[in-house]
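Trainee: missing the sequence, but the structure's below:
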């Protein structure tokens, strides 16, 4: 086989492989690139912007690499006349590759600083529709969603109205997990004794997969949940329906639920005990026998009208 | 009355948590245990059969020659690469089939142990081992020195490293390993959630090896500062030496943080303290900060010397001076400094707030500038050169392509809001594998092929080297491009099972195939080694300078004599050997005219004893056997005191004998001994 046929063969094989891959990926649902929420959309655009900016460096690197390797290979006798063994610096070109990347990074830094603030998970989403609160508790190994104002709770399912900002207040009653709905945007860690939060808003109705992104033990892989964005009407009907569930989320029922279990199906509770979320956090904040609220520890959890603030809700643990 | 049962109880008390129940029960874990035990027994039998125990003891185990220690580091690292590679294949296999109603062949706990071990071993016992091996072999030669500053401490470092290796592998035989990931975040790694000895194995294998690393850091840094040959000012050092200097500075500042963090975690687990517990006033976020304050510098510790290897390879094989030497030095130190200012980017999602996230995001991006400068300098080292397309050069080219792509992924994740969507996803996993495999592994592979003739006297087979390279490159792309895409599809890391509706399975299968091709690549490297040893006469390096290279190590005969330089060299320029060759007529040699007597350290078994005692201490700490800990500790202290009181630790070689040996070494190299 001549060298030419060999190279042609390799090129064809690579092209066929790339073609098949593209065809496959075009038919595949890629959640992060197909966002269904305001935050996820902005984050995807930021990703594309960063990718584009990087191309300004990456393309020249690849072009230079392949050109130099091809042209200055030892077997290419044509370039031997241009051999310059002592060429070892050039102030101008070196300044160029300190400077150009610096400028690009400076641009990216401005974008980073701004987007860190505008897309801070603690920043409320501006909308005419009032924000709704869902309290999220990661347990071994399932997610409990408590609706403090609707007085219902659900395991491994969070349903909420579309185009409504949702304030997820997140904590853990076991180890650290990470609360993540890729198609809606930003994940946030859930930690015992801590309250973190993330504001998300779905822009189209649908069922989206949610995950824990941080290893939490034996049943970790089963910590998938569904985030369901519906019309307001459907949502209210769903609330009514869950309300009729005879099972109340009393402290006893909660403690029962809190026992380790894996691959839990969706289940519902009505009338969660008052301030359950705060009680869960306080479990880790005080001595076990004194399960009471303390001043200043998680005051932000109570404030319905949350002002934009990052740190204060993390408690003083 | 103390009956038989009482005796058993008392004995059990003496053995702490250890019992026969801790031996593996299911076929897969038993297979792991048998492989370890069988492997050790086979090696022991082969050595006995070949009657090599004495030779092994005298020439290797008790040697203080950094070249011998370096080779031992690399051998251990390669064995560990195979072990952690098998872990990787097990994971890829599990994730390719464990979907929907199938739960694969690994239980979730076992799967979690496998990936925890994979990460831990690859970083601590493969990458670190290859790095310390390369430094031991190359750095003293490049600065024109016969030895490192503290040869005995060097031996202790190696044996502590080895004690860590033994502990981590012993977990396959008795007890289990940590299932909490390679950095064991609390509260998961706390006693309450990880009640077995797994996390303790993790703590002590890292703790012991880590102290060895710290000692190495001090040792090599001192060596570079104090033991350079005459005329070698800092700005005349080879770039590999600069990169080692940067890396070892990081070791000295970063490893104490690891030591403290691991100690606090062990106190939590064993003595009921509350440094990192959930509740009781503990703070898991403190652990996450501390572990990354060590962990981020750690990746630069690994990669800087590999960058140094590339700098040597590119310049030598392009037959040119390294482009932008001064830029390179500044870039190294910029990376060293900046690497301590970025740790928080590992947990943007912990809710630190926009100002903090923004700051650490920007600092992270800034590191891309000096790294980019290094890439451009390497590219322009090739410009107007005569590039020899040998395998070390190919590893370099593969590195540039992959590392640039991985670097872009890194810059993207440095933007906090983008990280909120990619953190802990397989995109992240793909990113750091791209950086570490192409940057660190490819770097040391290039170095092994490049310097192999210097230490063995013969070259490595290029054909199998080439096959290995292409398997690694294509395998890598197939194994990790799907992971980038899976990250975009919401696949998080460390899943032992997923639902069929995710649509992830085809990509996991492709990734599994890629891992298989990488395994073939690794097999090719073993074939390369075997065929090269078989054809060693044909592949003989008769010049001592097979690549027409530039730095001092190439000026001595191959294989390097145990004394390195018969006469310590004197330099007045960078690339001193290249400059020397330019001024000499072809065929003339660089044999010294006069010789002086030299002094070298004698062999000692005390390094090995310290390592053994450290192992006993670690084993006792893992299994809560106080008397074993005390024994280990007393052993270490006694050994050090004994060593401190030995005065006759060096020997001399007279000028005449040295002249004769040097003459013989040069003749042996030319092949007419």
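Mentor: That came in fine, so what should we check first? Worth saying up front: this structure is predicted, and the values here are computed from it rather than measured.

Trainee: for the rest of this, base every contact and every neighbour count on C-alpha atoms.
Mentor: OK.

Trainee: okay, now the domains of chain A?
Mentor: The record's domain split for chain A, according to automatic domain parsing, is A:31-74+A:90-119, A:132-294.

Trainee: can I get those in TSV with mean pLDDT, mean neighbour count and distance to residue B:665?
Mentor: Output for those, formatted as TSV (pLDDT from 0 to 100; neighbours: other C-alpha atoms under 10 Å in any protein chain shown; distance: least, C-alpha to C-alpha, whole Å):
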stretch	mean pLDDT	mean neighbour count	distance to residue B:665
domain A:31-74+A:90-119	95	18	32
domain A:132-294	94	21	57
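
Trainee: so who does residue B:427 touch?
Mentor: Taking C-alpha atoms under 8 Å, 6 or more residues apart in numbering or on different chains as the criterion, residue B:427 is in contact with B:483-488.

Trainee: no no, residue B:397
Mentor: Going by C-alpha under 8 Å, 6+ apart, residue B:397 touches residue A:65.

Trainee: pLDDT wise, what is it at?
Mentor: If you check residue B:397, the pLDDT there is 97.

Trainee: try the one 3 residues further on
Mentor: Looking at residue B:400, its pLDDT stands at 97.

Trainee: in the helix or strand that contains it, what counts as buried?
Mentor: Taking DSSP states H and E as the criterion, residue B:400 maps to helix B:391-414. Using 16 or more other C-alpha atoms under 10 Å in any protein chain shown as the test for burial, helix B:391-414 gives B:391-414.

Trainee: what separates stretch B:443-454 from the chain centre, distance-wise?
Mentor: In terms of C-alpha atoms, centre = their mean, to the nearest Å, the centre of stretch B:443-454 is found 15 Å from the chain centre.

Trainee: pick out the most distant pair among the contacts of residue B:427.
Mentor: Distance extremes for the contacts of residue B:427: the farthest pair is B:483 and B:488 at 8.6 Å, using C-alpha to C-alpha.

Trainee: so for these two, which residue has more residues nearby?
Mentor: Counted by other C-alpha atoms under 10 Å in any protein chain shown, residue B:483 and residue B:488 do not tie: residue B:483 has more neighbours, with 27 against 23.

Trainee: name the SS class of that one, please.
Mentor: With DSSP: H, G, I helix; E, B strand; the rest coil as the basis, the three-state label of residue B:483 is helix.

Trainee: how much space between it and residue B:96?
Mentor: Using C-alpha to C-alpha, to the nearest Å, residue B:483 is found at 12 Å from residue B:96.

Trainee: where do the contact lists of those two overlap?
Mentor: residue B:508.

Trainee: tell me the phi and psi of whatever residue of the stretch 451-600 of chain B ends up closest to chain A?
Mentor: Nearest residue of the stretch 451-600 of chain B to chain A: residue B:489, at 4.6 Å (C-alpha to the nearest C-alpha). Main-chain torsions, residue B:489, degrees, to the nearest 10: phi -90, psi 10.

Trainee: once you drop chain neighbours, what's closest to it?
Mentor: Leaving out its chain neighbours, the residue that sits closest to residue B:489 by C-alpha to C-alpha, 6 or more residues apart in numbering or on different chains is residue A:30, at 4.6 Å.

Trainee: pull the contacting residues for the one you found.
Mentor: Counted by C-alpha under 8 Å, 6+ apart, residue A:30 has contacts B:485, B:488-490.

Trainee: hmm, 10 Å instead?
Mentor: Applying C-alpha atoms under 10 Å, 6 or more residues apart in numbering or on different chains to residue A:30 gives the contacts A:182-183, B:485-490, B:502-503.

Trainee: narrow the residues you listed to those in helices?
Mentor: The helices, defined by DSSP state H, take in B:485-488 from the contacts of residue A:30.

Trainee: didn't residue B:463 look like it was pressed against residue B:529?
Mentor: No - in terms of C-alpha atoms under 10 Å, residue B:463 does not count as a neighbour of residue B:529; the distance is 11.2 Å.

Trainee: show me where chain A has its strands.
Mentor: Secondary structure of chain A by DSSP state E: the strands cover A:132-139, A:142-147, A:152-155, A:157-161, A:166-172, A:177-181, A:185-190, A:196-200, A:206-212, A:225-230, A:267-270.

Trainee: so what's residue 231 closest to, chain neighbours aside?
Mentor: Here I'm looking at chain A. Leaving aside its sequence neighbours, residue A:231 is closest to residue A:161 (5.3 Å, by C-alpha to C-alpha, 6+ apart).

Trainee: look at chain B instead
Mentor: Of all residues not flanking residue B:231 in the chain, residue B:571 sits nearest, at 4.9 Å (C-alpha to C-alpha, 6+ apart).

Trainee: just residue A:108 next, same as before
Mentor: residue A:50 (7.4 Å).

Trainee: now do residue B:227
Mentor: residue B:145 (6.3 Å).

Trainee: low-confidence ranges in the stretch 151-300 of chain B?
Mentor: Counting by pLDDT under 70, not a single residue of the stretch 151-300 of chain B qualifies.

Trainee: and the residue of it nearest chain A?
Mentor: residue B:279 (4.1 Å).

Trainee: that's a strand at that residue, yeah?
Mentor: No - read with three-state DSSP, residue B:279 is coil and lies in no strand.

Trainee: count of residues packed around it?
Mentor: With other C-alpha under 10 Å as criterion, residue B:279 counts 22.

Trainee: ok, now which ones touch residue B:67?
Mentor: By C-alpha under 10 Å, 6+ apart, the neighbours of residue B:67 are B:60, B:73, B:133-138, B:140-141, B:147, B:455, B:560-562, B:564.

Trainee: select only the buried ones of those in ChimeraX?
Mentor: Buried residues within the contacts of residue B:67, by 16+ other C-alpha under 10 Å, are selected in ChimeraX with:
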select /B:60,73,133,134,135,136,137,138,140,141,147,455,560,561,564
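
Trainee: out of the contacts of residue B:67, which are inside helices?
Mentor: Counting by DSSP H, those place B:73, B:133-138, B:140-141, B:455 in helices.

Trainee: using the three-state scheme, assign residue B:183.
Mentor: At residue B:183, secondary structure determined by three-state DSSP is coil.

Trainee: which non-adjacent residue is nearest it?
Mentor: The shortest distance from residue B:183 to any non-neighbouring residue, by C-alpha to C-alpha, 6+ apart, is to residue B:291 (7.4 Å).

Trainee: you'd agree the one you found is up against residue B:263?
Mentor: No - counting by C-alpha under 10 Å, residue B:263 is not a contact partner of residue B:291; they are 11.7 Å apart.

Trainee: and the pLDDT at residue B:320?
Mentor: For residue B:320, pLDDT reads 95.

Trainee: picking up where we left off before, tabulate the contacts of residue B:427 in CSV, adding columns for distance to residue B:375 and pLDDT.
Mentor: Output for these, formatted as CSV (distance: C-alpha to C-alpha, whole Å; pLDDT from 0 to 100):
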residue, distance to residue B:375, pLDDT
B:483, 25, 97
B:484, 23, 97
B:485, 26, 96
B:486, 29, 97
B:487, 27, 97
B:488, 28, 97
